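Trainee: Okay, structure incoming, though there's no sequence with it:
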Ligand SMILES: [Zn+2]
């Protein structure tokens with residue numbers, strides 16, 4: 001596959017969980033898990049790793065992130081898709097924009113998706129609460145920013161004689177991004193250590209969507225740029241306790257910062273490879 005943001009990784013060898021990494025089920029049919037969702041550019045696979053119920057739950061929020069929040073932007077950027085028909089329909093739609101015309105009145109015009117300025121959404125998260133010694137009950141603030149393509153937006157502005165155009169993008173739900181990061185970290189720890197190789201902390205957040213996301217999932221302060229490796233598992237001691245942390249670089253979205261996710265506690269005698 002090719003594409004400007006295509007992630008490369010050397011971790012292509014298949015490994016087997018042989019149980020659902022979310023509930024431990026091993027008798028039911030199990031499907032593979034992409035550690036980073038395939039729709040987000042991942043190609044590291046953990047075979048026989050989720051039951052039907054949990055495969056459905058995780059793919060639902062991953063699809064939400066990749067399709068609804070980034071679908072248009074990814075289509076514009078030429079990122080490969082499996083759903084070519086849907087993309088064709090999406091790109092054929094026209095988008096309404098509203099600005100102030102020369103008479104000082106509000107005016108709405110339609111432009112094509114192709115013309116819409118590049119505006120990648122960037123989700124900035126504070127350091128995970130656990131690493132800061134903050135209570136698990138506190139949900140920290142999430143910042144969403146967008147890098148608007150100003151050349152393209154002023155071109156449209158001139159063409160229609162409109163100023164103060166409000167550029168909006170598809171709604172992004174930070175909770176969805178947090179759950180995607182949690183799932184990615186959990187699946188990677190299972191890939192590296194085996195599903196029974198550590199004490200997991202993220203299952204309530206991934207499976208039942210409960211608890212503070214920002215307690216376990218966050219970024220770095222000051223912000224750090226993405227790593228060369230998409231995923232790194234490390235062990236750290238926080239206030240005298242040992243934790244496993246996964247650093248995540250979502251290379252599909254080069255504007256995103258580096259994230260860190262507290263995925264669990266090590267078991268005696270286990271070490272990240
Ligand atoms: Zn399951």
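Mentor: Perfect, thanks for sending it. For clarity, every value in this text was computed on a predicted model and none was experimentally measured.
Trainee: drop to CA atoms for contacts and neighbour counts, all remaining ones
Mentor: Will do.
Trainee: list the helices and strands the helix or strand containing residue 189 packs on?
Mentor: If you go by DSSP states H and E, residue 189 is part of helix 174-193. Contacts defined by 3 or more CA pairs under 8 Å, 6 or more residues apart in numbering; DSSP states H and E place helix 174-193 against helix 52-63, strand 217-218, strand 231-238, strand 241-248, strand 259-266.
Trainee: Three-state assignment for residue 48, please.
Mentor: On the three-state scheme (DSSP: H, G, I helix; E, B strand; the rest coil), residue 48 is labelled strand.
Trainee: you'd agree it is up against residue 22?
Mentor: No. The pair residue 48 / residue 22 is not scored as a contact, 11.9 Å apart, by CA atoms under 8 Å.
Trainee: Of these two, which one has the most company?
Mentor: Legend: neighbour count by other CA atoms under 10 Å for residue 48 and residue 22, higher for residue 22 (23 against 19).
Trainee: quick one: that one and residue 30, what's the gap?
Mentor: 11 Å (CA to CA, to the nearest Å).
Trainee: swap in residue 163?
Mentor: Taking CA to CA, one finds residue 163 at 55 Å from residue 30.
Trainee: Any idea how many residues pack against the residue nearest to residue 239 when sequence neighbours are not counted?
Mentor: Once flanking residues are discounted, residue 239 sits nearest to residue 133: 8.0 Å by CA to CA, 6 or more residues apart in numbering. Per other CA under 10 Å, the neighbour tally for residue 133 reads 11.
Trainee: And residue 133, what's its pLDDT?
Mentor: With respect to pLDDT, residue 133 scores 92.
Trainee: ok, which stretches of the stretch 51-200 of the chain are helices?
Mentor: 52-63, 71-76, 84-92, 129-132, 150-160, 174-193 (DSSP state H, counting those that start in this stretch).
Trainee: Nearest to the ion among the ones you listed would be which one?
Mentor: helix 52-63 (4.7 Å; CA to the ion).
Trainee: Return, as residue ranges, the portions of the chain with sub-threshold pLDDT.
Mentor: 1-13, 67-82, 90, 120, 146, 168-172, 269-273 (pLDDT under 70).
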